[in-house]
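*Asks:* Okay, here's the prediction I keep looking at, along with the sequence it came from:
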Amino acid sequence: MRFLEKLKLIQNENNSLLCIGLDTDVLKIPPSLQNSNNPQLEFNKRIIEVTSDFVCAYKLNLAFYESAGERGYETIHKTLECIPKEIITIADGKRGDIGNTAEQYAKIIFDDWKFDAATVNPYMGKDSVEPFIKNKNNCAFILALTSNPGSHDFQYLEVSGRPLYEHVVAKATSWNVKKNIGLVAGATHPEELKRIRAMVPEMPLLIPGIGTQKGDMEATVRNGCDKNGLLALINVSRGIIFASGGNDFAARARESAIKIQNEINVIRNNYFG
Ligand code: OMP
């Protein structure tokens with residue numbers, strides 16, 4: 001199934017724009033799981049069990065699995081097996097390299113792990129992105145305007161009369177022949193998010209920065225959705241999975257996910273009916 005079709009289906013079915021980030025820091029896993037065979041995997045399984053009814057996507061930040069050593073790759077595989085097939089899965093590795101190297105990154109993410117989507121760094125240009133958009137069923141979320149303070153170092157620089165990030169948005173649009181490109185735009189820049197949405201009315205936007213990074217929820221939903229109140233994937237990682245550092249982590253993660261999903265939906269109903 002085409003990526004966009006799968007995204008719209010699950011956003012409607014679960015009535016959710018929420019993407020939970022499985023940024024599973026092994027040092028934050030609660031004591032009750034520490035003696036299990038693979039604490040990182042057990043943690044993910046529990047989080048998925050209690051939240052999969054309220055999300056449209058899970059995003060695995062690959063750094064947390066790669067830093068776990070050889071075990072980490074197995075954890076990625078097994079975590080993906082626990083995610084219901086209709087939910088979008090995103091490999092967040094922010095890959096970007098010359099063509100033949102990018103091919104290898106795309107191969108492990110899409111052919112081996114079978115993620116639906118990947119985050120991609122566009123700094124090296126079209127040939128570095130192409131391997132990620134070969135298959136119409138896979139999506140490349142291209143970094144347009146990131147949520148972190150360092151986004152001001154390069155992304156706002158004026159080039160030919162407009163900020164660099166707008167050039168990224170325009171290039172991504174020109175590469176989007178198979179309609180399988182999305183953009184990453186941080187919730188910490190709500191006004192720019194509005195501008196980006198106006199430039200790409202039909203592209204999915206992956207929007208991190210709500211919760212710990214203090215992005216503005218109201219403006220994010222209002223400015224990040226398409227005209228039907230869809231196509232924004234609002235990512236929250238630590239604010240959900242580590243809502244509690246204790247043995248009640250799963251129950252607290254569920255509560256937090258439901259609260260955020262409701263918050264998003266109230267704003268959606270207000271603005272998009
Ligand atoms: P929390 O701040 O804990 O919700 O985590 C945010 C997640 O989104 C992390 O996995 C980040 O790597 C990721 N992220 C950003 O925070 N900012 C960005 O601009 C882009 C991403 C991303 O591509 O997902």
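*Replies:* Okay, I see it. Numbering: from 1, shown residues only.
*Asks:* From the chain's centroid, how far away is stretch 128-138?
*Replies:* Offset of stretch 128-138 from its chain centre (CA atoms, centre = their mean, to the nearest Å): 17 Å.
*Asks:* is it true that Asp92 touches Thr119?
*Replies:* Yes - counting by CB atoms under 8 Å, Asp92 does reach Thr119; the two are 4.7 Å apart. Quick note: C-beta positions are derived from backbone N, CA and C, even for glycine.
*Asks:* List the contacts of the closest residue to Tyr156 other than its chain neighbours.
*Replies:* Among residues not flanking Tyr156 along the chain, Pro163 sits closest, at 4.9 Å (CB to CB, 6 or more residues apart in numbering). Residues in contact with Pro163 (CB atoms under 8 Å, 6 or more residues apart in numbering) are Gln155, Tyr156, Leu157.
*Asks:* got the residue ranges for the strands in the chain?
*Replies:* 18-21, 57-61, 88-95, 117-120, 139-145, 158-159, 162-163, 181-185, 205-207, 232-236 (DSSP state E).
*Asks:* and stretch 195-203, how far out from the chain's middle?
*Replies:* Centre to centre, stretch against its chain (CA atoms, centre = their mean), the figure for stretch 195-203 is 17 Å.
*Asks:* Now that stretch: buried residues?
*Replies:* Arg195, Ile196, Arg197, Val200, Met203 (16 or more other CB atoms under 10 Å).
*Asks:* Now flag whichever of those residues is closest to Ile109.
*Replies:* Met203 (19.9 Å; CB to CB).
*Asks:* what does the model give that closest one for pLDDT?
*Replies:* pLDDT, Met203: 98.
*Asks:* I'd say it and Ile181 touch.
*Replies:* Yes - assessed by CB under 8 Å, Met203 is found in contact with Ile181 at 6.5 Å.
*Asks:* which residues do these two both contact?
*Replies:* Ala172, Thr173.
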